[in-house]
Each structure stands twice: as structure tokens, then as C-alpha cells.
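**Student:** pasting the structure only:
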DNA sequence: TATATATATGAACATATGTTCATATGATTG
DNA sequence: CAATCATATGAACATATGTTCATATATATA
């Protein structure tokens, strides 16, 4: 362990950063949201849901993944409360839970498109 | 393989979603940005840099990670162009490259704090 | 009730990832 | 130039992750 606690160079700045840093729990929650969006398969699913709700089968077609793979990924997204669903007979429709997700994706798409 | 291509339920919606879906390359780039932010250690580093630049040693202190671990993570963040650096003698200062990153983190912090 | 369809889940496997430890590089100072 | 400090990197290891395949559940229909 070479934790830089005494030798640290900019004491004032470090103190400020430490005091502004969110709790470990909050950091973990934010990390979990980003993680949910960090896989291309899940990102395709979420992006496809930006403008409309779709069923699992639709999402398989759009993402070109197996139904099973989509279902597994939807579970992850559900657990992170990124998507919600409603059942209508045999069919389960998924939608984005929250507009924040839409914003995150839009910012990133903007970012990689260099439109700033 | 049980790709749902013929049986797909909502042809119109699927077509629309497919036509709106960004290229695989763009999806991958966006996923990479989210992935860079999906680890608590990297997220601590990036969050600490939200309001000021800090050197590696400072970042070790703030995040309570070893210098080596911080340096490895900074490399990842550098490769994703999330942070930039400047050298000043022995010391290397890191800062966020782009305001988009700040926005992403702010939205997520807002989101998990349920302030909507 | 039996069958079919849409979705969900568990186990297994291969691959990716984050940390540590050892060591290297680059810059300052004696 | 030698020593020291700040940072960077490579290898190794344990853990996490995404897909597939097999199977289960839930709903509709014959």
C-alpha cells in the first residue's frame, strides 16, 4: 500500500475535493447506472426505446440478439430501474423509466458526434 | 439462434427503431464512454475533478487508492478522452477534457438523489 | 386440457476488468 | 552524476460479465 496521505501535494485542493465527493453509496449507485449503459447490447435496447415502447421480440429484431440475450439484459436494466414494463396478454412491453436516461444518451451521442 | 426476424410482432415500430438506431461504431463509442464512468474508482476520480484540476498524488488521497491504481485508471480515462493532463515538472495535473462529462455526472447524481 | 407462443431464468463457459506488486521512466535536487 | 520523487506500465491474479443452451413460467387458443 502506498496511499499518498502525508506526502500529498495540494492539501487545500484535496480537502475541498474530499468534502465535495459524494458518499460511497451514491458513487456506487451512479456507477451502476453507467454500467447498465456501458454494454453495446444494452445500449442498443435502450436507444431503441428512446422514442417508443417495444416488446421483447421487437427488441430482439432491432438489436439482432437472441430473445434470451435480450431478456437477460432487460433484467439488468429493470433492476437498475432504467426500463419499466407492462404486460398485455403474452406480450411484455418495455419503455424507458425516466427521462434522465434519455438525456444521458443524447448527451453522449452528441459528444461522440463532435457537435459541440 | 432464435433471432426473431419473421415472427416479430410490431413491424412498423421495429422498422422505425432500426432506422433511428445509430451505427454500431457510434453505439460502441457511447458504450465506451459509459464504461469509463461505470467503475467506482474511476467515478471518484472524475467526480473529484469536477471543480478543479488535481495531480495523481492528490487523486490517490481523495479516492484512497494506491498511486498505481489511480495511474492505471487515469490511463483508461485518458484513452477515452475523458480527462486531459499537463505536466509541470515532476507533477502531472489532470482535468476533465470536456463539459459533457460534467453534465453526465450531474444528471446521474441528480437522478440517484431523486431530486426530480 | 393440451398445445403453442412470448418471455424469463439458471448453469456453464469464455472473455473482460481492476487491483497489486515489481519495475521503469522522467524530472528535480544535492 | 547519483539519489529521490511523481508518475507510468507490464504481468499476474481473482472476480465480474455477456452469451448460449436448456428449461421454466405465463398467457392464449384449439
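**Tutor:** Done, it's in. Here the structure is a predicted model, which is why all the values come from computation and not from measurement. Numbers count the residues shown, from 1 in each chain, chains lettered A, B, ... in the order given.

**Student:** make it CA atoms for all contacts and neighbour counts henceforth
**Tutor:** Fine.

**Student:** From residue B:70, how far out is the most centrally placed residue in chain A?
**Tutor:** By C-alpha atoms, centre = their mean, chain A has its centre lying nearest to residue A:37, at 3.3 Å. Using C-alpha to C-alpha, to the nearest Å, residue A:37 is found at 23 Å from residue B:70.

**Student:** ditto for residue A:79
**Tutor:** From residue A:79 to residue B:70 the distance is 30 Å (C-alpha to C-alpha).

**Student:** do the same with residue A:114
**Tutor:** Going from residue A:114 to residue B:70 by C-alpha to C-alpha gives 28 Å.

**Student:** higher neighbour count, these two?
**Tutor:** residue B:70 (22 against 8; other C-alpha atoms under 10 Å in any protein chain shown).

**Student:** Would you mind confirming that the more buried one is in contact with residue B:58?
**Tutor:** No - Residue B:70 is beyond contact range of residue B:58, at 10.0 Å (criterion: C-alpha atoms under 8 Å).

**Student:** All the helices of chain A, residue numbers only.
**Tutor:** Applying DSSP state H to chain A gives helices spanning A:11-20, A:24-36, A:40-48, A:56-63, A:67-79, A:99-112.

**Student:** What residues of the second one count as buried?
**Tutor:** Read it as helix A:24-36. Under the neighbour-count criterion of 16 or more other C-alpha atoms under 10 Å in any protein chain shown, helix A:24-36 has A:26, A:27, A:28, A:29, A:30, A:31, A:32, A:33, A:34, A:35, A:36 buried.

**Student:** got the angle between that helix and helix A:67-79?
**Tutor:** Angle, helix A:24-36 to helix A:67-79, by axes from the mean of the first three to the mean of the last three C-alpha atoms, to 10 degrees: 150 degrees.

**Student:** got it, and the third one?
**Tutor:** Helix A:40-48 runs at 70 degrees relative to helix A:67-79, counting by the same axes, to 10 degrees.

**Student:** What's the local residue count around residue A:95?
**Tutor:** Based on other C-alpha under 10 Å, the number of other residues close to residue A:95 is 20.

**Student:** How about it: which residues does it bridge to?
**Tutor:** Counting by DSSP bridges, residue A:95 is bridged to residue A:84.

**Student:** looking at it, it is touching residue A:54, isn't it?
**Tutor:** Yes - if you go by C-alpha under 8 Å, residue A:95 and residue A:54 touch, sitting 6.9 Å apart.

**Student:** which residues touch stretch A:46-65?
**Tutor:** A:41, A:44-45, A:66-67, A:70-71, A:83, A:91-96, A:102, A:105, B:3-5, B:8-11, B:13-15, B:17-18, B:20-21 (C-alpha atoms under 8 Å, 6 or more residues apart in numbering or on different chains).

**Student:** Quick check: residues of chain A near DNA strand C?
**Tutor:** A:1, A:55-58, A:67-69, A:71-72, A:74-75, A:90-93 (C-alpha under 7 Å from any atom of the strand).
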